[in-house]
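J.: Kindly return the folded structure for what I paste below:
(2 chains, ligands or ions: 1)
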Amino acid sequence: MHFARSWRQQSSNLRLVGSRCTSCGAILFPERIRCSGCGSTELEDHRLSGRGTIFTVTTVFEAPRGFESQVPYFAALVELEEGPIICAMLTDVDREDVSVGKKVTMVTRRILAHGDDGPIIYAYKFTPELAG
Amino acid sequence: MGDRIEIVGIGRTCAKERWTRGLVDLTVEAAGAALDDGGDVSPSAVIVSNALGGALGDQQNLGTFTASSIGLGKVEAHSVSCDEASGGGALRLASALVGAGMHEAVLVVGAEKTSDALPDELETVRANGLDATREAGFGFGPAVASGLGMQRYGAEHGIDRSLFYHLASTAHLHGAKNPFAFLPWELSFDQYIRSPIVADPLTVCDLAPNCDGGAAVLIRKGSGKSSSSVHILGSASVSVPTGISEPITSLSLPAAAQCAMLALRDAGLSIEDLSLLDLHDSSSFIAALSIEAVGLAKRGEALLLARDGHFRFDGPAPLWTFGGLKARGNAPGADGLYQVVEATLQLRGDAGKGQIDGADRALVQCLGSFGATAVTHVLG
Ligand SMILES: [Zn+2]
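T.: Numbering: from 1, shown residues only, chains lettered A, B, ... in the order given. Predicted coordinates:
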C-alpha cells in the first residue's frame, strides 16, 4: 500500500468512515462517490460503530509481501452491525477464542510495514469484545 | 446464432518454469504454433491477454510487441487484461472483431511469465486481482480468500476437508496424461493430506501452482458449411459486483452461473449435451463452486460427485481433461486460452492419451477476481 494511497484512505482506515446514501438509505463501506445501490451522488459520511461479528475466519501461514512478520495471523470476514461485511485481521486474541459468531470490535493497529525504514501503515483490525 | 467463428489454428507452450523464455518469447512461441497450425490463414489483428506482466515490471502493450516479434507487419493489435479471465476475454473480443466484419482472421494469444518474480512478489501482485485496497491491502490474497471459503463450505455443507482431495486428484489424474503439464503426476491422498497449510484449512495442494505458459488460437469467420473443423458455438461473459465476501457468504458464483447459462443458450445446447468441460480451478474452493455454478452438481455436492468419479475422463462429465490449472499449471493471462486449445484438441481427436472418445461438444469457463468476472465458450 503506497503512502499517498493510505493517506487518501485515512478516514476509513482509522475511523471506519463509510457513506450513507440519502436517497436509498444504503450504508456503504468504504466511502463512495456514487451509491453502488441506486447510483445517487447524494452521499454523506457515516462513521460505523466498529462493532460486528466474525462471519468466517482462517489462520494464515503464508502471507503476501509486507505481512510476513505477522504470520500466523487470523484473517476474517467481519459482519459489521450496520450490515457491510469487511476483510480484516483479528488481533490480541488466542486461537481458542476465535470462532464464528464471536462479537468483535475495531481497534487501530499496524497493518503493513515497508522494510525497516519505509512507511508504516495503520488501519483497522478487530479484537473480541470484552464480556459484560 | 449468426455465422459461427471457426478455430483454424491452435498453439501452446509447455506450462513449466521456462527459464530461457521471457514473456514476449512465450507469446511468440504459442502464436507461432497457432499460425503454423492454421496453414495459409493470415490474421490482420492480434489480441494478447496477460494478467500480471505490467505489474511485475515486464513488457507492456503486449499486443503490438507480440505482433512485431512474430513479424506480422501492419496489423491491428491490442492487449486484454481481466485477471485470470484474460484469455477468455481476449477470445471474446477477437470474435467480436470477426463477427462485426472488421477482420477476416484474428490471432488471440495469452501468456504469463511468473517464474521471474519472487514468490512473495508474485503473490502480492496476484492479490491485486482482488480489491487492491480493501482486500489485498489488508493481507487478503487469493489463497486467504479460498481458505475462508473452504472453511465455510465445509461448515455449511457438513463436509470434511479431506473430501476436497477428490477435485485435485481428478485434475492430476488427467494432467498425468498431458506432456505439456506442469505437474504431470497423480496425486495420492497421503500427499494431499500432508500438504502444508497456507490458510487453514487450505493447503498448498488446494492451490493451482503458478507457472509460465502461452497459448494461442487463430480464428476466422466460419464458412457456414458443415465440416470437421472446430467452431465457437456459443459464448458469454458476465461481471458482477466485486468482493470476496459474496462467494464466501453465499457459497455460489453468480457470474459463473449466469455466464454458463447464457453461453449454452447461445449455442442452443444444455449441459447434458457436453462431452467435456473445463472450469476454473485456481483453488479447490473455486473449483467446487464452479462445478455447482454451471449445473454439474447441486449445492454442496461437487466433492461427492468428484469422489464417485463423475468428472474423470471415463465418467459422465469429464472435467479438466488436460489437468486443469491444478495439474497443467496456472499461467493467469493464458488460462482461458489453454482451455480453448485443449478443448479443440479433444474435439479434433488429437488429445493423445487423454482423449475422450467421441468428443463433440465442450464448454470452457475461466474466472477472474475470485469469480467476479466470468467468460464461457462452448465449442463443437
Ligand atoms: Zn443509494
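J.: In the stretch 101-250 of chain B, mark out all the helices, start to finish.
T.: Under the criterion DSSP state H, counting those that start in this stretch, the stretch 101-250 of chain B contains helices at B:119-127, B:142-157, B:165-175, B:189-193, B:245-250.
J.: Kindly apply the preceding question to chain A instead.
T.: For chain A, applying DSSP state H gives helices covering A:3-8, A:10-15.
J.: So which of those is nearest chain B?
T.: Closest to chain B of those is helix A:3-8 (Cβ to the nearest Cβ; 6.8 Å). C-beta here means a position set from N, CA and C on the backbone, and glycine is covered the same way.
J.: residues of that closest one that come out buried?
T.: By 16 or more other Cβ atoms under 10 Å in any protein chain shown, the buried positions in helix A:3-8 come out as A:S6.
J.: same question, stretch B:121-133
T.: Result for stretch B:121-133 [16+ other Cβ under 10 Å]: buried residues B:122-131, B:133.
J.: Keeping just the C-alphas, turn that stretch into PDB.
T.: C-alpha atoms of stretch B:121-133 as PDB (Å, rounded to 0.1, in the frame of the first residue of the first chain):
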ATOM      1  CA  GLU B 121       6.200 -10.500  -5.000                       C
ATOM      2  CA  LEU B 122       4.100 -12.700  -7.300                       C
ATOM      3  CA  GLU B 123       1.500 -13.300  -4.500                       C
ATOM      4  CA  THR B 124       1.400  -9.500  -3.800                       C
ATOM      5  CA  VAL B 125       0.700  -8.800  -7.500                       C
ATOM      6  CA  ARG B 126      -1.800 -11.600  -7.800                       C
ATOM      7  CA  ALA B 127      -3.600 -10.300  -4.700                       C
ATOM      8  CA  ASN B 128      -4.300  -7.100  -6.600                       C
ATOM      9  CA  GLY B 129      -6.600  -9.000  -8.800                       C
ATOM     10  CA  LEU B 130      -8.800  -8.800  -5.800                       C
ATOM     11  CA  ASP B 131      -9.800  -5.500  -4.300                       C
ATOM     12  CA  ALA B 132      -6.400  -3.800  -4.200                       C
ATOM     13  CA  THR B 133      -7.200  -1.500  -1.200                       C
END
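J.: Can you say which of the helices of the stretch 101-250 of chain B is packed in most?
T.: Mean neighbour count (mean count of other Cβ atoms under 10 Å in any protein chain shown) peaks for helix B:165-175 among those, with a mean of 26.
J.: Name the residues that touch that helix?
T.: The contact list for helix B:165-175 (Cβ atoms under 8 Å, 6 or more residues apart in numbering or on different chains) reads B:181, B:183-187, B:189, B:192-193, B:205-206, B:281, B:284, B:287-288, B:302-303, B:306-307, B:311-313, B:318-328, B:354.
J.: from memory B:R12 sits against B:P179, does it?
T.: No - in terms of Cβ atoms under 8 Å, B:R12 does not count as a neighbour of B:P179; the distance is 11.0 Å.
J.: out of the two, which sits in the busier spot?
T.: Shown here are B:R12 and B:P179; by other Cβ atoms under 10 Å in any protein chain shown, B:R12 has more neighbours (26 against 11).
J.: Report the contact partners of the more buried one.
T.: By Cβ under 8 Å, 6+ apart, B:R12 lies in contact with B:30, B:33, B:180, B:213-216, B:337-338, B:341-342.
J.: so how far is the ion from the residue nearest to it when sequence neighbours are not counted?
T.: Spatial nearest neighbour of B:R12, excluding adjacent residues (Cβ to Cβ, 6 or more residues apart in numbering or on different chains): B:A215 at 4.4 Å. Distance of B:A215 to the ion, computed by Cβ to the ion, to the nearest Å: 43 Å.
J.: Show the contacting residues for B:S275.
T.: With Cβ under 8 Å, 6+ apart, B:S275 has these contacts: B:318, B:346, B:356, B:358-362.
J.: Kindly export stretch B:243-255 (C-alpha atoms) in PDB.
T.: C-alpha atoms of stretch B:243-255 as PDB (Å, rounded to 0.1, in the frame of the first residue of the first chain):
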ATOM      1  CA  GLY B 243     -15.600  -8.600  -3.400                       C
ATOM      2  CA  ILE B 244     -14.500 -12.000  -1.900                       C
ATOM      3  CA  SER B 245     -17.400 -11.900   0.600                       C
ATOM      4  CA  GLU B 246     -20.100 -12.700  -1.900                       C
ATOM      5  CA  PRO B 247     -18.800 -16.200  -3.000                       C
ATOM      6  CA  ILE B 248     -17.900 -16.900   0.700                       C
ATOM      7  CA  THR B 249     -21.200 -15.900   2.200                       C
ATOM      8  CA  SER B 250     -23.400 -17.200  -0.500                       C
ATOM      9  CA  LEU B 251     -21.200 -20.200  -1.400                       C
ATOM     10  CA  SER B 252     -22.000 -19.600  -5.000                       C
ATOM     11  CA  LEU B 253     -20.500 -17.900  -8.100                       C
ATOM     12  CA  PRO B 254     -23.300 -15.800  -9.600                       C
ATOM     13  CA  ALA B 255     -21.200 -14.600 -12.600                       C
END
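J.: ok so, going back, now, the contacts of B:R12 that are in strands?
T.: B:213-216 (DSSP state E).
J.: so what's B:S237 bridging to?
T.: B:V375 (DSSP bridges).
J.: Kindly report the same for B:T203.
T.: Applying DSSP bridges, one finds that B:T203 bridges with B:I197.
J.: How about the one 4 residues further on?
T.: Applying DSSP bridges to B:L207 yields these beta-bridge partners: B:S283.
J.: In this structure it contacts B:S146, no?
T.: Yes - using Cβ under 8 Å, B:L207 makes contact with B:S146 at a distance of 7.3 Å.
J.: what is in contact with the two at once?
T.: With Cβ under 8 Å, 6+ apart as the test, B:L207 and B:S146 both reach B:282-283.
J.: give me the low-pLDDT residue ranges for chain A?
T.: A:1-2, A:131-132 (pLDDT under 70).
J.: Quick check: residues of it near chain B?
T.: Neighbours of chain B within chain A, by Cβ under 8 Å from any Cβ of the partner chain: A:1, A:5, A:9, A:30, A:36, A:55-68, A:70, A:73, A:75-77, A:85-89, A:100, A:111-112, A:123.
J.: Can you flag the buried ones in the residues you listed?
T.: A:1, A:9, A:30, A:55-67, A:70, A:73, A:75-77, A:85-89, A:111-112, A:123.
J.: what sits against A:R20?
T.: Residues in contact with A:R20 (Cβ under 8 Å, 6+ apart) are A:26-28, A:43-46.
J.: From those, list the buried ones, please.
T.: A:26, A:28, A:43, A:46.
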